[in-house]
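Participant: Please find the sequence and the predicted model below.
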Amino acid sequence: MAYTTINKSGDYFNTKLWSGNGSSQALTGVGHQTDMVWIKSRTDTRKHNLYDVVRGVQKRIVSNDSVVEDTVPGVTAFGADGFTVGSETDTNGSSRNFVGWSWKAGAGQGSSNTDGSINTTYTSVNTTAGFSISQYTGTGSNATVGHGLGVIPEMIIIKEITGSGRNWRVYHKDVGNDKIMYLNTTSAEVSDSTAFNSTSPTSSVFSVGTSGGTNDNGNNYIAYCFAPKTGYSKFGQYKSTGYSDGPFCYTGFKPKYILIKNYSNSAEWEIYDAARVGYNDANYHLNAEDTSAEATLSGRLDLLSNGFKIRVTNSGPLNSGTAGQTYFYMAFAEAPLVGSNNIPCTAR
């Protein structure tokens, strides 16, 4: 069994649902200081909006596009138990339903990290939960950037926030350091030795090469770094079976949130969580690279007490009809299989 000292995952990650009012509303009950929040309208076609405490309120980047940061009244305040949304339609449109995935980093903007050859402008870090947010300015030359986690991150998501507007870059340990994924497209893995300089991250820094997507001279970047924590988060992979009895992925916890991407082939970035409408095996999903409303397809996957089970076949995003295609995932817990309080969790 997987034991963890994080008995209440809501102290570090949670999902918040709300109905928009078109003006302003404070969303509380999240359970932690919100340092990064990813918001999507569930009921209509709108952008994915990402805000964080390092860049500041009203500073938006969108996962479904390559555009640089803009300023809109989407998130107008970060609070000790949630966040406030303003009049922006993408985050608080009247009579629309929304989901927000919230992470706690360092409970504030943080300070400069000087571990790498590039000093970050700010790094907000939570070593307990394995999550940090760093802003830095590119040099155009091979370099390193400090992440502050004290352990090796297994997934890094980077976006250029000033400049011409380039695709998001994603590093995942199972894809490797000489390949990248674009969060804003359905593309398969792309060979690129310049994004992360063909160098895996260490316990103190991650590497960037000469790619404009991670290190253009004079442009600013935001990096979200994630390290696994037993019973709370996991960054793994699986292979398609080619038939309807899809793979089971052991996480050591009951998942609250899962992001899955087929990196062998072109496919969507599917996001599932335990809060929205839908139940095993009719869990609804949203796609990180797409503005569409929540998909209500059934027969997709089951959320279990110790992982998740793929139920669909002939589906590129989850379980290709061709056996052996590779997928990676990022998952966060609703409850550990067994915590340090010795209380086991149950299936959904």
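Facilitator: Everything's here; your move.
Participant: From now on I want contacts and neighbour counts done on CA atoms only, so please keep to that.
Facilitator: Noted.
Participant: What segments of the stretch 51-200 of the chain are strands?
Facilitator: Per DSSP state E, counting those that start in this stretch, the stretch 51-200 of the chain has strands spanning 59-62, 70-71, 75-79, 82-85, 97-103, 122-126, 131-137, 143-146, 155-160, 169-172, 179-180, 190-191. These are given in chain order.
Participant: what's the fourth one in contact with?
Facilitator: Contacts of strand 82-85 with the rest of the structure, by CA atoms under 8 Å, 6 or more residues apart in numbering, involve 24-34, 73-78, 91-92.
Participant: Break down this protein into its helices, ranges please.
Facilitator: For the chain, the helices defined by DSSP state H occupy 89-92, 212-215.
Participant: Check which helices and strands the last one sits against.
Facilitator: With contacts defined as 3 or more CA pairs under 8 Å, 6 or more residues apart in numbering; DSSP states H and E, the secondary structure elements packing on helix 212-215 are strand 155-160.
Participant: Give me the distance from the strand it packs on to the chain's centre.
Facilitator: Distance of strand 155-160 from its chain centroid, counting by CA atoms, centre = their mean, to the nearest Å, is 10 Å.
Participant: if we can go back for a sec, now the strands of the stretch 51-200 of the chain as TSV including mean pLDDT?
Facilitator: Below are these laid out as TSV (pLDDT from 0 to 100):
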stretch	mean pLDDT
strand 59-62	98
strand 70-71	98
strand 75-79	98
strand 82-85	98
strand 97-103	98
strand 122-126	98
strand 131-137	98
strand 143-146	98
strand 155-160	98
strand 169-172	98
strand 179-180	98
strand 190-191	97
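Participant: possible to save those as a markdown table with distance to residue 200 and mean neighbour count?
Facilitator: What follows is the strands of the stretch 51-200 of the chain, written out as a markdown table (distance: least, CA to CA, whole Å; neighbours: other CA atoms under 10 Å):
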| stretch | distance to residue 200 | mean neighbour count |
| --- | --- | --- |
| strand 59-62 | 26 | 23 |
| strand 70-71 | 31 | 12 |
| strand 75-79 | 33 | 21 |
| strand 82-85 | 34 | 23 |
| strand 97-103 | 24 | 23 |
| strand 122-126 | 20 | 25 |
| strand 131-137 | 17 | 26 |
| strand 143-146 | 11 | 23 |
| strand 155-160 | 11 | 24 |
| strand 169-172 | 9 | 23 |
| strand 179-180 | 11 | 22 |
| strand 190-191 | 15 | 14 |
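Participant: what's the closest of the ones you listed to residue 258?
Facilitator: Each of those has some distance to residue 258 by CA to CA; the shortest is strand 97-103, at 11.0 Å.
Participant: on contacts alone, who are the packing partners of that closest one?
Facilitator: Contact analysis of strand 97-103 by 3+ CA pairs under 8 Å, 6+ apart lists strand 13-19, strand 36-41 as its packing neighbours.
Participant: Partner strands of the last one, with direction?
Facilitator: Spelled out, that is strand 36-41. strand 49-52 (antiparallel), strand 97-103 (antiparallel) (DSSP bridges).
Participant: could you dump these to TSV with distance to residue 249?
Facilitator: TSV is the format used below for these (distance: least, CA to CA, whole Å):
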stretch	distance to residue 249
strand 49-52	28
strand 97-103	22
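Participant: Ok, which of these comes nearest residue 130?
Facilitator: Among these, strand 97-103 sits nearest to residue 130 (CA to CA), with 10.5 Å.
Participant: and the gap between residue 203 and residue 276?
Facilitator: Distance, residue 203 to residue 276, by CA to CA, to the nearest Å: 35 Å.
Participant: Ok, residue 236 next?
Facilitator: 23 Å.
Participant: out of these two, which sits in the busier spot?
Facilitator: residue 236 (20 against 17; other CA atoms under 10 Å).
Participant: Does that one touch residue 174 like I think?
Facilitator: Yes - assessed by CA atoms under 8 Å, residue 236 is found in contact with residue 174 at 7.1 Å.
Participant: anything in contact with each of those two?
Facilitator: Here residue 236 and residue 174 have residue 328 as joint contacts, going by CA under 8 Å, 6+ apart.
Participant: what is the mean pLDDT for stretch 192-212?
Facilitator: Predicted confidence along stretch 192-212 averages 98 (mean pLDDT).
Participant: So which residues make contact with that stretch?
Facilitator: Outside of stretch 192-212, the residues that reach it under the criterion CA under 8 Å, 6+ apart are 115-116, 140-153, 166, 169, 171, 173, 176-180, 213-216.
Participant: my guess is residue 255 meets residue 303, correct?
Facilitator: Yes - taking contacts as CA under 8 Å, residue 255 lies within contact range of residue 303: 6.3 Å.
Participant: So which of the two has more stuff around it?
Facilitator: Residue environment comparison for residue 255 versus residue 303 gives the larger neighbour count to residue 255, 30 against 24, counting by other CA under 10 Å.
Participant: Across the sheet, point out what pairs with the more buried one.
Facilitator: In this structure, residue 255 has beta-bridge partners residue 333, where bridges are defined by DSSP bridges.
Participant: what does residue 78 give?
Facilitator: Checking residue 78 by DSSP bridges, which sets the bridge assignment, gives partners residue 83.
Participant: How is this protein divided into domains?
Facilitator: Using automatic domain parsing, the domains assigned to the chain come out as 10-103, 122-226, 233-336.
Participant: Relative to the whole chain's centre, how far out is the last one?
Facilitator: A distance of 14 Å separates the C-alpha centroid of domain 233-336 from that of its chain, computed with CA atoms, centre = their mean.
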